[in-house]
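**Q** Pasting a predicted model and its sequence here:
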Amino acid sequence: GNLTTPLAQHNVDVVVRTPLARRAIIIVGDTTGDPRTYGWQSVAETAYTALKAQGYGAADIRVFNGGNTPLTGQFAEATLSELAGTLTGWAGTNTSHLLVYLVGRSDGFDFDLNPDSPGDETLPAAVLDGWLDGLHAMLPVYGRISVIMDADNAGYYLANLTTPISPTDYSEHRIRLAGAVGGTAQMGTGGSASYSKYFWDEIANGSSLGLAHIRARRVMYGASRRQQVAWLDSNSDNSSDAFDNYRVIYYRPGTGYISGGSAPTIGSAGITPVDLNGPTLQLALWANDVYTTGTVEEVWAEVARPYAVGNADPVLVSFDLDPVAADSEDWTADYFDTSPLAGDYTVTFYARDTDGQVSEALEYTETRTSGEDAYETDDIQGEARLILIDEVPPQLHTLHDATDEDWVRFYGVSGQMLDITAQPWGTASDITLTVVPPVGDPIPFNDNVAGPGSASEEATSWTVTAEGEHFIRVDFTSETVNNTPTAYELSV
């Protein structure tokens, strides 16, 4: 029954701190008058859903919308004043890491924000950079800011968002991902064929930023026929190399939760040409033995049409396949192009299950050899299209009737030896090359490999005599003999 001597009483102060949260800001820009409007709205919803799936609370996501259609979780209109309040206060208060996602339209310097705000507001890259620089000092020492942008010229815009290095070096605390370095950011059909869609689907299923970027980049690079190139920088040196991805290959913006089951698989797929070279192109598409441990939600195809210079028609078209019967594992669809161009039609097949997991892509190509090519109109010297020296692959053109001629231009340096080749597809067409230098008379070449007047490859070696812009004309040697419309590959 003996007791110890009581210890002296001490007052203990208990401090309860609010746990730091991962936070996200979604900015949907001006959507007025752009055919990609619905796509931007759709992928913003996909981003919100993905972040929620990865543990973000509704209070930790702020959605700013420059469009007129309300979005899930919308906090406010996309205006400079609203963004300033969030990015200089809320975003750095009790925050461990911040993610900023922008989708819309940009010229590489400004992001189109809101047509209904005073002055038709834009978000200059320099303004956003200043806000983010201030946030780094508010976050913990390990805190990272990730900026994902899917917009035209996104890489040029993000190149302005470098980190301060003095008095503290934050260069590896800011991650920048662009759906397109420069040029157009494809949005496909309602956003389903876009960098954003593939990126956020990967994030929803627990992928890291690095892995989600790799997969979205590969899909869009192939589907757009190498027109759209994504970009990643993770140390503010404005390069995009293997080390940039290495730094973020394991960095997940959320909990990293992975939904159960395996991703769907497509046993086989392909293209059956119904009418490849007619006035209306028709392709039968099929994907067989589509299987998943869960439930297949959709099977779809991305069709990359020949890229048409100066043509507003979409390069990338996305549409759904239908099961051939109820509960069937085989899916089909017919694709029509009422204004087809000569060139490659590349079809990429995918399947998605109800958990959001996407299959590996299967890709197939059919080449149309009739009709106008993607470089029309180019029938006179003033309409000549650019061709690069050593361009890979060679440009595919057509002489689609007996009087057609094609013009290209390139920059030559005096003394440069060039091999100029036009390879017809077929044996019934005799074509001629004519080089128009910046000084002197046009130089015709009719050096068929099989001899003059024959329908074979036109090839010549030629030394540039004067520096400047040169032109090449390709046409039939005769309008009455060996003038069957043909596709041909042109290289310099």
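**A** Now that the structure is in, tell me what you want to look at. Given the structure is predicted, the values throughout are model-derived calculations rather than measurements.
**Q** so where's the stretch 51-200 of the chain shaky on pLDDT?
**A** Where the stretch 51-200 of the chain drops to pLDDT under 70, the residues are 115-119.
**Q** can you give me the helices in it?
**A** 80-87, 125-136, 154-158, 195-204 (DSSP state H, counting those that start in this stretch).
**Q** mind checking how far the one helix or strand residue 364 maps to is from the chain centre?
**A** Assessed by DSSP states H and E, residue 364 sits inside strand 362-368. Distance of strand 362-368 from its chain centroid, counting by CA atoms, centre = their mean, to the nearest Å, is 19 Å.
**Q** Just send the helices of the stretch 51-200 of the chain back as JSON lines, with mean neighbour count and distance to residue 25 too.
**A** Backbone N, C-alpha and C define where each C-beta goes, glycine included. Output for these, formatted as JSON lines (neighbours: other CB atoms under 10 Å; distance: least, CB to CB, whole Å):
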{"stretch": "helix 80-87", "mean neighbour count": "17", "distance to residue 25": "6"}
{"stretch": "helix 125-136", "mean neighbour count": "18", "distance to residue 25": "10"}
{"stretch": "helix 154-158", "mean neighbour count": "26", "distance to residue 25": "15"}
{"stretch": "helix 195-204", "mean neighbour count": "26", "distance to residue 25": "15"}
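**Q** Nearest to residue 231 among those would be which one?
**A** In terms of CB to CB, the element of the helices of the stretch 51-200 of the chain nearest to residue 231 is helix 154-158, at 4.2 Å.
**Q** Extract the C-alpha set from that closest one and format it as PDB.
**A** Extracted in PDB, the C-alpha atoms of helix 154-158 (Å, rounded to 0.1, in the frame of the first residue of the first chain):
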ATOM      1  CA  ALA A 154       1.700  25.800 -73.800                       C
ATOM      2  CA  GLY A 155       5.500  25.100 -73.700                       C
ATOM      3  CA  TYR A 156       6.300  28.700 -74.700                       C
ATOM      4  CA  TYR A 157       4.000  30.000 -72.000                       C
ATOM      5  CA  LEU A 158       5.400  27.700 -69.300                       C
END
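**Q** Please enumerate residues in contact with that helix?
**A** By CB atoms under 8 Å, 6 or more residues apart in numbering, the list of residues contacting helix 154-158 from outside reads 102, 106, 108-109, 111, 125, 147, 149, 151, 176-182, 185, 231, 233.
**Q** From these, which land in strands?
**A** Among the contacts of helix 154-158, the residues falling in strands (DSSP state E) are 102, 111, 147, 149, 151, 176, 177, 178, 231, 233.
**Q** which helices and strands does the strand holding residue 364 pack with?
**A** Counting by 3 or more CB pairs under 8 Å, 6 or more residues apart in numbering; DSSP states H and E, the packing neighbours recorded for strand 362-368 are strand 265-275, strand 281-291, strand 343-353.
**Q** Determine which of these shows the lowest mean per-residue pLDDT.
**A** Lowest mean pLDDT within the helices and strands packed on strand 362-368: strand 343-353, a mean of 87.
**Q** Tell me the helices and strands packed up against that one.
**A** Partner elements for strand 343-353 (3+ CB pairs under 8 Å, 6+ apart): helix 209-223, strand 265-275, strand 281-291, strand 296-304, strand 362-368.
**Q** I'd like to know how far the closest residue to residue 125 other than its chain neighbours sits from residue 149.
**A** Nearest residue to residue 125 in three dimensions, chain neighbours excluded: residue 160, at 3.7 Å (CB to CB, 6 or more residues apart in numbering). Separation of residue 160 from residue 149 (CB to CB, to the nearest Å): 11 Å.
**Q** and what of residue 248?
**A** Taking CB to CB, one finds residue 248 at 15 Å from residue 149.
**Q** Run through the strands of the stretch 301-450 of the chain in chain order.
**A** 316-320, 322-323, 331-337, 343-353, 362-368, 385-386, 395-399, 405-412, 417-424, 431-436, 443-445 (DSSP state E, counting those that start in this stretch).
**Q** where are the low-confidence patches of the stretch 351-492 of the chain?
**A** In the prediction, the stretch 351-492 of the chain carries residues with pLDDT under 70 at positions 426-428, 447-456, 479-482.
**Q** Correct me if wrong: residue 61 contacts residue 48.
**A** Yes: in this structure residue 61 lies within contact range of residue 48 using CB atoms under 8 Å: 6.3 Å.
**Q** Identify the contacts common to these two.
**A** Shared contacts of residue 61 and residue 48 (CB under 8 Å, 6+ apart): 26, 73.
**Q** Which one's more surrounded, residue 248 and residue 149?
**A** Neighbour totals were compared for residue 248 and residue 149, and residue 149 leads with 29 against 23 (other CB atoms under 10 Å).
**Q** Leaving out chain neighbours, which residue sits closest to residue 113?
**A** residue 121 (4.5 Å).
**Q** before we move on, the earlier item: can I get the helices of the stretch 51-200 of the chain in a markdown table with distance to residue 28?
**A** Formatted as a markdown table, those follow (distance: least, CB to CB, whole Å):
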| stretch | distance to residue 28 |
| --- | --- |
| helix 80-87 | 12 |
| helix 125-136 | 15 |
| helix 154-158 | 14 |
| helix 195-204 | 11 |
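**Q** Against residue 27, how distant is the closest residue to residue 164 other than its chain neighbours?
**A** Once flanking residues are discounted, residue 164 sits nearest to residue 133: 5.2 Å by CB to CB, 6+ apart. Counting by CB to CB, the separation of residue 133 from residue 27 is 18 Å.
**Q** Ok, residue 63 next?
**A** In terms of CB to CB, residue 63 sits 8 Å off from residue 27.
**Q** higher neighbour count, these two?
**A** Between residue 63 and residue 27, counted using other CB under 10 Å, residue 27 has the larger neighbour count: 25 against 22.
**Q** Test my guess that that one contacts residue 99.
**A** No: judged on CB under 8 Å, residue 27 makes no contact with residue 99 at a distance of 11.4 Å.
**Q** related to what we said a few turns ago, ok, and which of the helices and strands packed on strand 362-368 has the densest surroundings?
**A** The highest mean neighbour count among those, using mean count of other CB atoms under 10 Å, belongs to strand 343-353: a mean of 22.
**Q** Quick check: bridge partners of residue 231?
**A** residue 178 (DSSP bridges).
**Q** Look up how far residue 147 lies from it.
**A** For residue 231, the distance to residue 147 (CB to CB) stands at 12 Å.
**Q** Tell me who's in contact with residue 98.
**A** 22, 23, 24, 25, 91, 92, 135, 139, 143, 144, 145, 146.
**Q** if we look at the sheet, which residues does the residue nearest to the third one when sequence neighbours are not counted bridge to?
**A** It stands for residue 24. Leaving aside its sequence neighbours, residue 24 sits nearest to residue 99 (CB to CB, 6+ apart; 4.4 Å). When assigned by DSSP bridges, residue 99 has beta-bridge partners residue 24, residue 146.
**Q** so what's residue 99 up against?
**A** Residue 99 neighbours (CB under 8 Å, 6+ apart): 22, 23, 24, 25, 51, 145, 146, 147, 148, 253.
**Q** On the three-state scheme, the last one is what?
**A** Following DSSP: H, G, I helix; E, B strand; the rest coil, we place residue 253 in the coil state.
**Q** can you pull the contacts of residue 87?
**A** 25, 128, 131, 132, 135.
**Q** that older thread, residues in contact with the residue nearest to residue 113?
**A** Counting by CB under 8 Å, 6+ apart, residue 121 has contacts 79, 80, 113, 114.
**Q** Recalculate using a threshold of 6 Å.
**A** Contacts for residue 121 were tallied using CB atoms under 6 Å, 6 or more residues apart in numbering; they are 80, 113, 114.
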